[in-house]
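Novice: Here you go, sequence then predicted model.
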Amino acid sequence: MLFGYLQSEDCILQLDERNEKTESKYFLENYLNTELSMNGTTSGKFAVQYFDSANNNIIQIADVFANLYYSHMKTGGYKEDIQKLKDAKILKCLFKFPV
């Protein structure tokens, strides 16, 4: 969005289902498809899939990165590690929800 990553691409978000209530399972997908389309951010479609993190390696890896970044934001630690991720273009930008 900010750096041209979502021009017209379709995106799939894979999220941990542990904190998701059954009745709100489709809220994020509907929100992203409505909001980002209406404000002209992207013409791509979003699909949101929920997984049990105990059985999904991608969710587990994302959780490690999220915890590392959260710890960095709380304590200021991991500054060099975060910079390495930015330099390697693994951490490209930060998205804040709602957009």
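Specialist: That came through fine.

Novice: mind checking the longest helix of this protein?
Specialist: Secondary structure of the chain per DSSP state H: the longest helix is helix 57-75.

Novice: Could you list every helix and strand that it packs against?
Specialist: When contacts are defined as 3 or more Cβ pairs under 8 Å, 6 or more residues apart in numbering; DSSP states H and E, helix 57-75 sits against strand 11-16, helix 79-87. Every C-beta, even on glycine, is put in place using the N, C-alpha and C of the backbone.

Novice: Next, format the ones you listed as JSON lines and append distance to residue 64.
Specialist: Formatted as JSON lines, the helices and strands packed on helix 57-75 follow (distance: least, Cβ to Cβ, whole Å):
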{"stretch": "strand 11-16", "distance to residue 64": "12"}
{"stretch": "helix 79-87", "distance to residue 64": "12"}
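
Novice: Residue 73: which of those is closest?
Specialist: Closest to residue 73 of these, according to Cβ to Cβ: helix 79-87, at 9.3 Å.

Novice: hmm, who's touching that closest one?
Specialist: Contact partners of helix 79-87, identified using Cβ atoms under 8 Å, 6 or more residues apart in numbering, comprise 65, 68, 69, 72, 91.

Novice: again with stretch 43-51
Specialist: 6-17, 20, 25-26, 28-29, 32-33, 36-37, 59.

Novice: rewinding a little: please point out which parts of the longest helix of the chain sit buried.
Specialist: For helix 57-75, the neighbour count (16 or more other Cβ atoms under 10 Å) marks 59, 69 as buried.
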